[in-house]
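Visitor: I'll drop the sequence and a predicted model, then ask my questions.
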Amino acid sequence: MEFEHAYHPTGIGSLPHKDEQDAFRLILENFPSVPYWPQLPNTSFLEGMVVQYSEGFPSLKWDQRGQKVWIDTSQDFDREVVKFYQWLEEGNLEPFRITETFSRGLRILDALSLSKTRQQVSYVKGQVVGPITFGLSLTDPEQKPIFYDPTLRDILVKHLSAKARWMEKRFNEFLPGTKTIIFFDEPSLSSFGSAFSSLNREDVVLSLNECFSAVKGLRGVHCCGNTDWGLLLETNLDILSFDAFGYLDTLSLYPEKVKTFLERGGILAWGIVPTREEDLVKENAETLVDRFRRGNETLQKKGIDRALLRRAILTPSCGTASLSVPLSERACQLTADVSRRLRESELLK
């Protein structure tokens, strides 16, 4: 599937707002062509990136007061696993739904389905925590991350794949015919290849590709740190979402793989607007447009055709829940402004 709108903006996921209606207004004002449903972790522990997608996982235990979740395989695990695989075999997605208790942000679909708003929507974006981040964050009774257990890894990959399928189905119910984008958020991949990580390359690739295969629309990965970009570019993703403000130089170390990815129809989502407070207060739309153009020039000098780079999405470099509401709104507004300036400059050529 082609991304048909060069330089259009969208968001990554989280916002700091406690009133979802304020968050919805911010999204609709700044990202009308590619809106997304916001994660609102400041409203509830249940909206944290990992916890939000844990609903329905076999033998899941959670302590809202202690703000922790874990997997307890010592009680009724086998029975719950049998039921889990039965749901998958039946194609029953209802047990994998994301309820409003865990996501008030999904109510934005009501606003998006209104005729006036819907006319502006070209794509609708959602996000699911990626299998590596989910699997390294949840632990078994021995405090071992469940990603390293082959049985639990298979379950978690299928669990997140079903969440993504449910999300696309939900989008289609509210916005029939609208194209979809699903990002799998993988901050934990920043540690891949370091001395602190024992992740196996094959396990990472297979887990990501199985999640991608569940998505009918465009499927992407967002990683807000440095990682082995070559690994991600070898998977079956359509969109690579990266912190272009902080890590363009590291991505440019993989010119052949970036070129191959783009030539097969891949899309770069440039996180050109910083989400660190000290950087965000210093930048403006003009400096960020200049930074984006310099980044394009860097990749062009490495043999990547400008026409391929034009097929791009613009975003903040990461979610903005850690920022104050005013700074989060500044990041969104800057993203929209940079997008507008780049699209206007294209029309003048």
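Guide: Alright, I've got the coordinates.

Visitor: can you give me the helices in the protein?
Guide: 20-30, 77-90, 108-112, 115-118, 131-137, 150-174, 201-213, 229-233, 244-251, 255-263, 277-280, 285-301, 306-310, 325-347 (DSSP state H).

Visitor: for stretch 335-344, list every residue counted as buried.
Guide: Neighbour-count burial for stretch 335-344 flags Thr335, Ala336, Asp337, Val338, Ser339, Arg340, Arg341, Leu342 (criterion: 16 or more other Cβ atoms under 10 Å). Every C-beta, even on glycine, is put in place using the N, C-alpha and C of the backbone.

Visitor: mind listing residues that contact that stretch?
Guide: 6-9, 11, 29-31, 272-273, 285-286, 288-289, 292, 314-316 (Cβ atoms under 8 Å, 6 or more residues apart in numbering).

Visitor: pLDDT (mean, whole number) over that stretch?
Guide: In this model, stretch 335-344 has an average pLDDT of 96.

Visitor: now find how far off-centre it is within its chain.
Guide: Remark: stretch 335-344 is offset 21 Å from the chain centroid, using Cα atoms, centre = their mean, to the nearest Å.

Visitor: check stretch 217-236 too.
Guide: With Cα atoms, centre = their mean as the basis, stretch 217-236 stands 10 Å off its chain's centre.

Visitor: repeat that for stretch 7-14.
Guide: 9 Å.

Visitor: what is the mean pLDDT for it?
Guide: Rounded mean pLDDT across stretch 7-14 is 95.

Visitor: start to end distance for it?
Guide: With Cα to Cα, to the nearest Å as the measure, the ends of stretch 7-14 fall 21 Å from one another.

Visitor: sorry, back to before: could I get the buried residues of stretch 335-344 in CSV, plus columns for distance to Leu60?
Guide: Output for the buried residues of stretch 335-344, formatted as CSV (distance: Cβ to Cβ, whole Å):
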residue, distance to Leu60
Thr335, 35
Ala336, 38
Asp337, 42
Val338, 40
Ser339, 39
Arg340, 44
Arg341, 46
Leu342, 44
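
Visitor: now flag whichever of those residues is closest to Thr133.
Guide: Comparing these against Thr133 with Cβ to Cβ picks out Thr335 as the nearest, at 23.3 Å.

Visitor: state the distance from that closest one to Ser252.
Guide: Applying Cβ to Cβ, to the nearest Å, the value for Thr335 to Ser252 is 22 Å.
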